[in-house]
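Trainee: Provide a 3D model corresponding to the input given below.
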Amino acid sequence: ILLEDVAIKWLSQISEQEKKKLYYSNFIYGPVLDCFLTILSSLKQGKHLKVMQACYDVLKQFVSVGRLQQLIVEKSLARSNVGIESLASHLCNIPECIDNKMNLLNTHHMFEKNNYVVALMQNILGALERLQHHSSVKYDFVGKLVGKLAVLGDRNVVVQCLLEFVNRGHENGEQVSEVLTFVSSQHLEAVTLPFFTCDYIPFHELKQFINIVFGPKIVLIGKLCTLLYHRLIFIKYFKDVRPKYLLFYPLTTREERRYLLTKTLFELLTVWGNKSSVDLQPYEHHLAICESIIICFYYMDNDERVVIKEKIMMLLAAGMPVHLDSNHSDFRRAGMVTAEILTQFLGINTEAPLKFDYEETEDTRRLKSLLEGYTEQNFVVKEPPAQLIVESDNKVPDKFADLDSDDDEENLKPFSSSDKDLACVKPPVYLRECIEILTETRESDKDFDKIAVTLRTLPQLLMDAKGNVDEIALEITQIILSMSSEFYMEDFVECRKKILINCAVIAPRTVADYLSYQFYEDNYTIGHRLDILDVIVHASRELSRIEVSPPEDEIDKLKMLNMKPWEIEVLERLKKKTRRFNSATKVPIGKENKFNPVCGNFFYALMNQYDKELRTLNLTEEDTLVLGRLIYTLGVVLHCASNAPAAPNMGKTLLDFVRVFTDIYVLDEYVKQSILFATSIVAQISPVAVMTAEIYPQLMDIRLWAEELLTESISADTTELAVYALDIMDTVIGRGLFPSDINSLSKEYAPLSLKDTVINANPKISEISSSDS
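Mentor: Numbering: from 1, shown residues only. Sure thing, here's the model as predicted:
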């Protein structure tokens, strides 16, 4: 009521002192959560400027008197956690809300984004101080709030405030550690990373702060341990050595954490000695891994080195040949220096230590200097960034002061476009040349331009290749499959997909076997596995396509494209005046179906390891999307091989495969739909003799399972698809003259073709082309 139009009109007739006493006091002393939500709702729904201005004034008074701090305290002491996610979002999005509604730069300096982040962090830290003496405190809300604020605001300002709070006392550090426990997984990196990249606190002080904040939680919180000792090392990496020393320091302060130091070292050495890592990783990333290995050794004591000596020697023996065989001198040199340092640490052949012949560079000197630990002799501790002063007046911020000054053109800087002119880059001509470009070290923007041109040229080069190109196609597949977009390239996904499909088309046996094997490997994400299945589907359709000669009308159209206008006019007149009594019927000439001889490579290898235990893939539980897509892919491959001699045996194998999953009680709807699709394919391609002698019992079992879906499934799409699959099976079984006691379906369901079954009932399953229907 107080924020409606009538109250706003009355508000303009009283003085400022009366407003504070009679109007603002209702929001300052009322229930804090209700008041905040009411103000925010009125501000978002307000349409008139006076109403929005009044809401802004009330919100400014609400924040100025510290009501946000009280709100945070109440939510932290509340028993229920309902609504904390949405409330945290509302608190973090206040600057955007005011910008969208008010759009007046000179009225909300207090809610300018950076200033508001500082103000809200001060309220959070004040609330944490008040919560120190309470026993039943929940830090869920504060954790959600800090995480969202680090993502939506300035993460460096957030961490600066937290470090200042930790510096006040050990209890504050324990509180911040508890808060980080409840930061969401998607926001944890934004909060954590600035702690290690902080450059205005001396090293010896910062490592103690990091130990207080992160140390107790590394072993207890899996997501924090994975972020620090997997993502920040193997996926993202620090170019400076200072964050690396800070990263491993908390593992050395307590005995129960030291096992993580050994575990991380083994993982680092495994990646260090992996051939794919050496061939495909940028040199900077590989150098960072070498530095992390040496720093791990630096933090270990002699007893730990003796225990792991044999394991380290095995990993070194496996990794050194990979480095020595590398084509890049930088990789060879980094491997040599790392091996020298490790053998020196382990005390192997002290009389004749391992020594390689290489040229000393800045990188080798940097690696050797890590033995001495981190020193700040050359490191300049910067001044902490000045926090923006939160003002309550209507002063215009300095950064908006000269927005209207258009008379000084010297301040205008030329805009540098990030789009490169790729026309000047010479495209590669040979496949081997493409491989060299894709595997060489990326050092400048010119290298990225060459890669972009290569990726766009490679699909056509593959299709134009002649002779035996199996080895080259396999090598290109290995490179492209593990390649990610390290730079902005708008059509990277499309180019990557075309290259993989063309590789599978020109070398179907080799590439299909490799892709099927890699599908069940442990070092791939769900996205990689779905890409592999997508490539197999498109390659199967491409190989099974029987091309025919185009009709005569299309040939005439193609000829007209190269003719002059007067020639086309003459040709049209001749056609009108020419009488044809009869013409020979031209039969389209077909081509060989290239998929039939290789269909087994696309089919059997893809299903023979489905029960393999993997750390990153669980088909029957978490990753049911991959299982559904796998069954659908097998169905498409079988459909493409429907005219092959091996098709009946393939259909029988696929029926046995999907029958395993019908016995699982809890199945995802997408998996059920894929099973129905695959069963329909088997029923349509199987000859009557095979139906009678071999697959009749399996088909009847799946038919009974499909009948159960009609009553038990909660998805309308699954139920509809089950009806169509039953109709197909009944039609095929009836054609095979089986016993007449098979229950017929209700007459209200009209039979559909296989194409209608798949496309209409389940649009999520990729459509079958018109030639496949």
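
Trainee: Walking through the stretch 251-400 of the chain, point out its helices one by one.
Mentor: 258-272, 275-280, 283-299, 302-307, 309-324, 329-346, 362-369 (DSSP state H, counting those that start in this stretch).

Trainee: Report the buried residues of the first one.
Mentor: Just to be clear, that refers to helix 258-272. Neighbour-count burial for helix 258-272 flags Arg258, Leu260, Leu261, Thr262, Thr264, Leu265, Glu267, Leu268, Leu269, Val271, Trp272 (criterion: 16 or more other Cβ atoms under 10 Å). Using the backbone N, CA and C atoms, a C-beta is placed for each residue, glycine as well.

Trainee: Residues touching that helix, excluding its own?
Mentor: Residues outside helix 258-272 that contact it (Cβ atoms under 8 Å, 6 or more residues apart in numbering): 218-219, 225, 229-230, 233-234, 248, 251-252, 277, 286, 289-290, 292-293, 296-297, 299-300, 304, 308, 311-312, 315-316, 319, 335, 338.

Trainee: if we can go back for a sec, output the helices of the stretch 251-400 of the chain as CSV; include the columns distance to Ile499 and mean pLDDT.
Mentor: Output for the helices of the stretch 251-400 of the chain, formatted as CSV (distance: least, Cβ to Cβ, whole Å; pLDDT from 0 to 100):
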stretch, distance to Ile499, mean pLDDT
helix 258-272, 26, 91
helix 275-280, 15, 83
helix 283-299, 23, 90
helix 302-307, 46, 86
helix 309-324, 26, 89
helix 329-346, 25, 87
helix 362-369, 33, 88
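
Trainee: Restricting the selection to alpha carbons, write stretch 181-201 to CSV.
Mentor: Extracted in CSV, the C-alpha atoms of stretch 181-201 (Å, rounded to 0.1, in the frame of the first residue of the first chain):
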residue,chain,number,x,y,z
THR,A,181,32.0,-25.1,1.8
PHE,A,182,28.5,-24.0,0.6
VAL,A,183,29.5,-22.1,-2.5
SER,A,184,27.9,-23.8,-5.5
SER,A,185,30.0,-25.9,-7.8
GLN,A,186,29.5,-23.6,-10.8
HIS,A,187,30.6,-20.6,-8.7
LEU,A,188,33.5,-22.2,-6.8
GLU,A,189,36.2,-21.4,-9.3
ALA,A,190,35.3,-17.7,-9.5
VAL,A,191,35.7,-17.5,-5.7
THR,A,192,38.8,-19.6,-5.4
LEU,A,193,41.0,-18.5,-8.3
PRO,A,194,41.7,-14.9,-7.0
PHE,A,195,43.1,-16.3,-3.7
PHE,A,196,46.0,-17.8,-5.7
THR,A,197,46.5,-14.9,-8.1
CYS,A,198,46.5,-12.2,-5.5
ASP,A,199,49.5,-10.0,-6.1
TYR,A,200,49.3,-7.4,-3.4
ILE,A,201,49.9,-9.6,-0.3
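
Trainee: ok, and for it, which residues are buried?
Mentor: By 16+ other Cβ under 10 Å, the buried positions in stretch 181-201 come out as 181-184, 187-196, 198, 201.

Trainee: Next: stretch 334-353.
Mentor: Those would be 334-346, for stretch 334-353 by 16+ other Cβ under 10 Å.

Trainee: What is the distance between that stretch and the centre of its chain?
Mentor: 39 Å (Cα atoms, centre = their mean, to the nearest Å).

Trainee: which residues touch it?
Mentor: The contact list for stretch 334-353 (Cβ under 8 Å, 6+ apart) reads 272, 278, 283, 286-287, 290, 293-294, 297, 305, 309, 312-313, 316, 319-320, 322-324, 326, 354-356, 358, 363-364, 367-368, 370-371.

Trainee: what does stretch 532-542 give?
Mentor: Here stretch 532-542 makes contact (Cβ under 8 Å, 6+ apart) with 481, 497, 500-501, 504-505, 508, 511-512, 515-516, 518-519, 524, 595, 599, 602, 606, 626, 629-630, 633, 636-637, 640-641, 766, 769, 772.

Trainee: Now distance to Glu112 too, for the helices of the stretch 251-400 of the chain, in CSV please.
Mentor: As requested, the helices of the stretch 251-400 of the chain are exported to CSV (distance: least, Cβ to Cβ, whole Å):
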stretch, distance to Glu112
helix 258-272, 42
helix 275-280, 45
helix 283-299, 37
helix 302-307, 52
helix 309-324, 52
helix 329-346, 46
helix 362-369, 42
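
Trainee: coming back round to it: tell me which two of the buried residues of stretch 181-201 sit farthest apart.
Mentor: Using Cβ to Cβ, these span at most 26.2 Å, a distance reached by Ser184 and Ile201.

Trainee: quick one: the nearest residue to Leu162 once chain neighbours are set aside from Phe182, how far?
Mentor: Distance criterion Cβ to Cβ, 6 or more residues apart in numbering; nearest residue to Leu162, sequence neighbours excluded, is Val176 at 5.4 Å. Distance of Val176 to Phe182, given as Cβ to Cβ, to the nearest Å: 11 Å.

Trainee: And for Leu627?
Mentor: As judged by Cβ to Cβ, Leu627 and Phe182 stand 33 Å apart.

Trainee: Also Leu367?
Mentor: 39 Å.

Trainee: Same question for Phe297.
Mentor: In this structure, Phe297 and Phe182 are 35 Å apart, going by Cβ to Cβ.

Trainee: cool, and Ser544?
Mentor: For Ser544, the distance to Phe182 - Cβ to Cβ - is 54 Å.

Trainee: Then Gly467?
Mentor: Per Cβ to Cβ, Gly467 is found 61 Å from Phe182.

Trainee: Repeat that for Pro697.
Mentor: In terms of Cβ to Cβ, Pro697 sits 55 Å off from Phe182.

Trainee: Please apply the same query to Leu500.
Mentor: Going from Leu500 to Phe182 by Cβ to Cβ gives 42 Å.

Trainee: in stretch 67-79, what counts as buried?
Mentor: Neighbour counts over stretch 67-79 (16+ other Cβ under 10 Å) mark Arg67, Leu68, Gln69, Gln70, Leu71, Ile72, Val73, Lys75, Ser76 as buried.

Trainee: Report all helices and strands that the helix or strand hosting Glu720 contacts.
Mentor: Assigned by DSSP states H and E, Glu720 belongs to helix 716-735. With contacts taken as 3 or more Cβ pairs under 8 Å, 6 or more residues apart in numbering; DSSP states H and E, helix 716-735 sits against helix 669-685, helix 696-712, helix 754-761.

Trainee: So which of the ones you listed is nearest Asp491?
Mentor: Closest to Asp491 of the helices and strands packed on helix 716-735 is helix 754-761 (Cβ to Cβ; 27.3 Å).

Trainee: Rounded mean pLDDT for the closest one, please.
Mentor: Taken as a whole, helix 754-761 has an average pLDDT of 36.

Trainee: now stretch 37-57
Mentor: Average pLDDT, stretch 37-57: 70.

Trainee: Over to stretch 620-634?
Mentor: The predicted model gives stretch 620-634 an average pLDDT of 87.

Trainee: what does stretch 434-451 give?
Mentor: Rounded mean pLDDT across stretch 434-451 is 73.

Trainee: Now for Thr644: which residues touch it?
Mentor: Careful, residue 644 is Ala and not Thr. Going by Cβ under 8 Å, 6+ apart, the list of residues near Ala644 reads Phe595, Asn596, Cys599, Met650.

Trainee: Quick one: these as a markdown table, columns for distance to Asp140 and secondary structure too.
Mentor: Shown next, in a markdown table, are the contacts of Ala644 (distance: Cβ to Cβ, whole Å; DSSP: H, G, I helix; E, B strand; the rest coil):
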| residue | distance to Asp140 | secondary structure |
| --- | --- | --- |
| Phe595 | 56 | coil |
| Asn596 | 60 | helix |
| Cys599 | 55 | helix |
| Met650 | 53 | helix |
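
Trainee: Quickly note the distance from the closest residue to Asp330 other than its chain neighbours to Ser680.
Mentor: Nearest-residue entry for Asp330: Tyr283, 5.0 Å, with adjacent residues in sequence omitted and distances by Cβ to Cβ, 6+ apart. Tyr283 sits 52 Å away from Ser680 when distances are taken as Cβ to Cβ.
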